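Peer 1: Structure, please.
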Amino acid sequence: MPTISPDSPELAHAIKAWGAELGFADVRIADIDLAHAQAGLQAWLDAGCHGEMDYMASHGMKRARPDELVPGTLRAIVVRMDYLPMARGPQWREQEAARQREPGAAVVSVYARGRDYHKVLRNRLQALAERIEAAVGVLGYRVFTDSAPVMELPLAEKAGLGWRGKHTLLLSRTAGSTFFIGEILVDIALPVDPPVDGHCGSCQACIDVCPTQAILGPGRLDARRCISYLTIELKGSIPEQLRPLIGNRIYGCDDCQLVCPWNKFAQRAAVPDFDERNGLGDADLVTLFAWDESEFQRRMEGSPIRRIGHERWLRNLAVGLGNAAAAPAGKGDAAIVAALRSRAGHPSALVREHVAWALSRHAL
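Peer 2: The predicted structure follows:
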């Protein structure tokens, strides 16, 4: 039997308390009216800014209509989970920026160095949903985290988790942008939380710092130029004109977050799942390039990196090794050249192409 009325402030308060017990840094509730976001989504798709992410277009405006995805949906419970590893100190942004200037360093986006966030959030969201169901009786729900045609950021904005920065990421006055978002769509009319105002002002540091100029203007991102897209979502060859701009970033890119003033408030994770594994916080390009497919699969088990596969892993590393030639200390480095030559005859044409390009950067 239900113990709390489904539409009561008491239940909303309890949900937030249960969420905190499960490691969520914030839990908010939004209605599901996203009509205001449809025009922007359609314009972005029409401009082709989604690149090869066909799934972004295949569902059309269903992304902005949660009740079409899950019939009966009335509310979205939106959560925030911080991911900055527990061991990171207050100078973490400066340290990350310094690694990008090391020719042999392999830079993996901070969020991807631990466990796959999809699994971490989904399991905890499921536990939260089950606790709600136990309190109200029969509950229609579905949990999500970056895994279905749902406009997560507009929902998070409506719920008051933060505001959209000019880089399009969600920003919080108390946590910056180093967090994941997840949702539970439910068929109960919970009281909703108010949105918050934006606080970017005239700052455009994120726009200015983007290595590939993927941020076209406030809130306008061309994914086709974004390093995260190029190193993760793009399945084929990385456009040659963009390769030098990638530097030593081999999986994702944090530049717009490192320069954002709000990330001085970035919060450490409340769970150990996002602690760095396999030395990815200080790995070097040559070492990672030496992993064969079985070692890649073994080491990346449970990691979000595993989904790109060994072939694209080598592609990305080859670009980084080629870009090491841009630094006087890296050009013609014997260990780098030897590593590249070891893959020059790789069975994959994709890998061979990027290795050949990298060797040409070393003038060899």
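
Peer 1: List the buried residues in the helix or strand of the chain with the lowest mean pLDDT.
Peer 2: Lowest by mean pLDDT, DSSP states H and E among the helices and strands of the chain is helix 54-58, with a mean of 78. Going by neighbour count (16 or more other C-beta atoms under 10 Å), the buried part of helix 54-58 is residue 56. Yep, even glycine has a C-beta here, placed from its N, CA and C like the rest.

Peer 1: Helix or strand next in line after it, which one?
Peer 2: Scanning forward in sequence from helix 54-58 by DSSP states H and E, the next helix or strand is helix 66-69.

Peer 1: Only alpha carbons, please: show the helix or strand just after that following helix as CSV.
Peer 2: Reading on from helix 66-69 to the C-terminus, the next helix or strand found by DSSP H and E is strand 75-82. Listed in CSV are the C-alpha atoms of strand 75-82, where the atom choice follows Å, rounded to 0.1, in the frame of the first residue of the first chain:
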residue,chain,number,x,y,z
ARG,A,75,7.3,14.6,-14.5
ALA,A,76,11.1,14.2,-14.8
ILE,A,77,13.2,13.6,-11.7
VAL,A,78,16.6,15.0,-12.7
VAL,A,79,19.8,14.2,-10.8
ARG,A,80,23.3,15.5,-10.7
MET,A,81,26.3,13.3,-9.9
ASP,A,82,29.7,14.9,-9.5
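
Peer 1: pLDDT averaged over strand 75-82 - what is it?
Peer 2: Strand 75-82 shows an average pLDDT of 98 in the prediction.

Peer 1: And stretch 217-224, by the same measure?
Peer 2: So the average pLDDT for stretch 217-224 ends up being 96.

Peer 1: List of residues touching that stretch?
Peer 2: For stretch 217-224, contacts defined as C-beta atoms under 8 Å, 6 or more residues apart in numbering pick out 47-51, 53, 164, 166-168, 200, 204, 207, 214-216, 229, 233.

Peer 1: Not counting sequence-adjacent ones, nearest residue to the residue most central in space within the chain?
Peer 2: Nearest to the geometric centre of the chain sits residue 111, at 6.7 Å (C-alpha atoms, centre = their mean). In space, and not counting its chain neighbours, residue 111 is closest to residue 83: 5.1 Å by C-beta to C-beta, 6 or more residues apart in numbering.

Peer 1: just the CA coordinates of stretch 93-100, formatted as PDB?
Peer 2: Below are the C-alpha coordinates for stretch 93-100, written out as PDB (Å, rounded to 0.1, in the frame of the first residue of the first chain):
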ATOM      1  CA  ARG A  93      42.500  22.700 -13.800                       C
ATOM      2  CA  GLU A  94      46.000  24.000 -14.000                       C
ATOM      3  CA  GLN A  95      47.500  20.500 -13.900                       C
ATOM      4  CA  GLU A  96      45.300  19.300 -16.700                       C
ATOM      5  CA  ALA A  97      46.200  22.300 -18.900                       C
ATOM      6  CA  ALA A  98      49.900  21.600 -18.200                       C
ATOM      7  CA  ARG A  99      49.600  18.000 -19.400                       C
ATOM      8  CA  GLN A 100      48.200  19.300 -22.700                       C
END
